[in-house]
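K.L.:
take this sequence and fold it.
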Amino acid sequence: MEGAGGFAALTSGEIRTRRDGLSDFLDAWGDLRVSDLGGLGTRRSLEFALEAPGQGLPTDVKVRYSEYYRRTSGDWDITKYHYEYFDIGRGKRLAYHLHDIGPRRMVPHAHCEDSTELASQEDAHHLRAVELDLREAHQQFMKLYASDSAPDCAEFLPLEISRIG
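P.N.:
I've put the predicted structure just below:
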């Protein structure tokens, strides 16, 4: 069954399998905290917070992956995600989001900017992006980390296209 966006609806067991598989996948990259909230109600969230390199070393990057679900007909449909990367030394944030923007439903977009921390609120500056799975976003983020490079914000185009002129 197809859920919101390009994501298939998941059963409760599949959500647990996803949580556990992603925990194993992400744990190798640093200190990981995982939360799975709301599984008994109609709304649920998975969050993976990672600090690298971990193991008591000074933190170079912070990453937070949050996925939000709503129960429909017994299965869980994704309602939005926020995949966030913060390069502490460079003061740069790169984020991939999927959620409603005004009347537009489930809009994939990015944020790339100077920052002093991981964002807790979203600004109005949206950039074009495609839908990503958490693993795809993580691969992009860890490629930046491993190459000791800042995100290139100039590579992103504005979300809104002006057809005037």
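K.L.:
every contact and neighbour count from this point should use C-alpha atoms.
P.N.:
Will do.
K.L.:
need the next SSE after the lengthiest helix in the chain, C-terminal direction.
P.N.:
Scanning the chain for the helix with the most residues, using DSSP state H, yields helix 12-27. Where DSSP states H and E defines the elements, the next helix or strand beyond helix 12-27 is strand 31-37.
K.L.:
what strands line up against that following strand, and which way round?
P.N.:
For strand 31-37, the paired strands and their directions (DSSP bridges) are strand 43-52 (antiparallel).
K.L.:
just give me how far the strand it pairs with sits from the chain centre.
P.N.:
Here strand 43-52 is found 9 Å from its chain centre; the criterion is C-alpha atoms, centre = their mean, to the nearest Å.
K.L.:
tell me, how many residues neighbour residue 53?
P.N.:
Using other C-alpha atoms under 10 Å, residue 53 has 17 neighbouring residues.
K.L.:
what does residue 8 give?
P.N.:
Neighbour count of residue 8, defined by other C-alpha under 10 Å: 14.
K.L.:
pLDDT value on it, please?
P.N.:
Looking at residue 8, its pLDDT reads 86.
K.L.:
do residue 121 as well
P.N.:
69.
K.L.:
before we move on, what about the one 10 residues further on?
P.N.:
pLDDT recorded at residue 131 is 96.
K.L.:
cool, and residue 30?
P.N.:
Listed pLDDT for residue 30 reads 96.
K.L.:
what of the one 10 residues further on?
P.N.:
The per-residue pLDDT reported for residue 40 equals 89.
K.L.:
residues touching it, list them.
P.N.:
By C-alpha atoms under 8 Å, 6 or more residues apart in numbering, the contact set of residue 40 is empty.
K.L.:
quick one, strands of this protein?
P.N.:
31-37, 43-52, 61-72, 75-87, 92-101, 104-114, 127-128 (DSSP state E).
K.L.:
burial of residue 105, as a residue count?
P.N.:
With other C-alpha under 10 Å as criterion, residue 105 counts 13.
K.L.:
show me what the residue nearest to residue 87 when sequence neighbours are not counted is bridged to.
P.N.:
Distances taken as C-alpha to C-alpha, 6 or more residues apart in numbering place residue 61 nearest to residue 87, at 4.7 Å, with adjacent residues excluded. Assessed by DSSP bridges, residue 61 has beta-bridge partners residue 52, residue 87.
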